[in-house]
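[1] below are the sequence and a predicted model; questions follow.
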Amino acid sequence: MNARFSRSTLLAGAASTALALGARRGSAADLPPLKVGYLGTFSGPYADEDAPLEAAIAAFFKEHGDTVAGRKVTLIKRDDGGPNPENARRLAQELIVNEKVDLMMGLTLSPNALAVGQVTTAAKMPTLVTNSGGYGILEPNPYFARFSFTTGQVTYPLADWASKQKLKNAYILVLDFGPGIDAANTFRTAFTAKGGTILGEVRVPLGVTDMAAYVQRVRDAKPQAVFVFLTVSGRSFLKAWQGSGGDKSGTKILATGDLTLEKFFPDEGDSALGVYTAMNYSPALDAPMNKKLTHDMHAIDASIEYPDFYTVATYDALAAIYKLVAAQNGNIEPEKTMALLRGMKLDSARGPIQIDPQTRDCIQNIYIRRVDKVNGQLQNTTIATYPAVRDPLEK
């Protein structure tokens, strides 16, 4: 996983599309390449993200070319292998010192992001976060800007929507790690502020695959809704829920959008039907940029039917990098780069986004979605939109 994006680079080299985003072609031979370090988790439980991410990157280069302000863009990829802060810190140091990258992007897991921040802050290395959604990442790291989302950014609107559906009580079931605890805290705070009651809360250890006992705890509490944040354990939960009778009790399943990613539907099947999620993206969005990205990613890799939130954030981070480099005539000066990032606006497949000038978090639409079957296929149908949502906790 330490190789460069060879397939993406090949596709990019064949592209002759004129550059967008104000970038201009120059004599690339006269200027050094623009090196972007891409550090994230691309193996283990996250291995299925690798091909979609490469397709999103290749789609971006196909659409915008592989040169900006006279500099050819080279992505140098490193896989941190999972939750291993020390390894992530070492790889970040390698990218900055040995590879001499101009910018960095990526960061999948929050503990790793915090460790990388120590390195990028010391090096004054602008870093565009494309996944990690934990709290406490941006404030101590002034050269970070987040293009993904935070758990509170999606759980607050979900709790608000639940209260509007006259749901009076709920149960909370989350993974026992930082983002899971954040999700539980933010959902509880928002739901009880609207007059709701939490009937119980359980934190599931990482690595648990048999969810039957946890499902039974929820069943015993007889809540009107259960809020879950289970990431890679989510599919096991849905199957156990269906095995225990599905929606016979009338309990609604509320979750963050990673529970019902389209790539999971073949495995989840009808167990996902009727699940309500909040997310910053849905492939079913009727937007020209979304349709184009979907088409281009599928054309590059026919096994990929749809983008997801991670691939969209990666595409948007590349768009931001092109905009930053063009604005500085091919240069990347750390303080100027971060000043340009603060308040930056972009059109995206997920809708309009802006980097918050104060927090460097992403301001974006949050969509309440329901899993429906349309023409025999499962999809996340948007049933409500919360526009221009700021993170409710980051200051």
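    Right, received. Where do you want to start?
[2] now do the phi/psi pair for the closest residue in space to residue 107 that isn't next to it in sequence.
    Leaving aside its sequence neighbours, residue 107 sits nearest to residue 113 (C-beta to C-beta, 6 or more residues apart in numbering; 4.2 Å). The way it works is simple: take the backbone N, C-alpha and C, and place the C-beta from them, glycine included. The phi and psi values for residue 113, taken as degrees, to the nearest 10, are phi -60, psi -40.
[3] what separation do you get for the nearest residue to residue 44 once chain neighbours are set aside and residue 102?
    Residue nearest to residue 44 in three dimensions, not counting chain neighbours: residue 82, with 4.8 Å by C-beta to C-beta, 6+ apart. Using C-beta to C-beta, to the nearest Å, one obtains 27 Å as the distance from residue 82 to residue 102.
[4] so which of the two has more stuff around it?
    Counting neighbours by other C-beta atoms under 10 Å for residue 82 and for residue 102 shows that residue 102 has the greater number, 24 against 16.
[5] secondary structure class for the residue lying closest to that one once chain neighbours are set aside?
    What sits nearest to residue 102 in space, not counting adjacent residues and going by C-beta to C-beta, 6+ apart, is residue 332, at 4.6 Å. Under DSSP: H, G, I helix; E, B strand; the rest coil, the three-state class of residue 332 is coil.
[6] same question, residue 141
    Classified using three-state DSSP, residue 141 is coil.
[7] residue 120 is in contact with that one, correct?
    Yes - between residue 141 and residue 120 there is a contact under C-beta atoms under 8 Å: 6.6 Å.
[8] more neighbours: those two, which one.
    residue 120 (27 against 21).
[9] now that one: closest residue in space that isn't a chain neighbour?
    residue 127 (4.8 Å).
[10] where along the stretch 1-150 of the chain do the helices fall?
    Using DSSP state H, counting those that start in this stretch, the helices of the stretch 1-150 of the chain run over 6-14, 50-64, 85-93, 110-123.
[11] list the helices and strands the second one packs on?
    Spelled out, it's helix 50-64. Here helix 50-64 touches helix 6-14, helix 288-300, helix 309-327, going by 3 or more C-beta pairs under 8 Å, 6 or more residues apart in numbering; DSSP states H and E.
[12] ok, back up a step: pretty sure the residue nearest to residue 44 contacts residue 109?
    Yes - here residue 82 reaches residue 109: they are 7.4 Å apart, a contact under C-beta under 8 Å.
[13] mutual contacts of the two, please.
    Shared contacts of residue 82 and residue 109, defined by C-beta atoms under 8 Å, 6 or more residues apart in numbering, comprise residue 41.
[14] who's in contact with residue 111?
    By C-beta under 8 Å, 6+ apart, the residues touching residue 111 are 83, 85, 134, 178.
[15] one more time with 10 Å
    Neighbour list for residue 111: 83-85, 88, 132, 134, 137, 177-179 [criterion: C-beta atoms under 10 Å, 6 or more residues apart in numbering].
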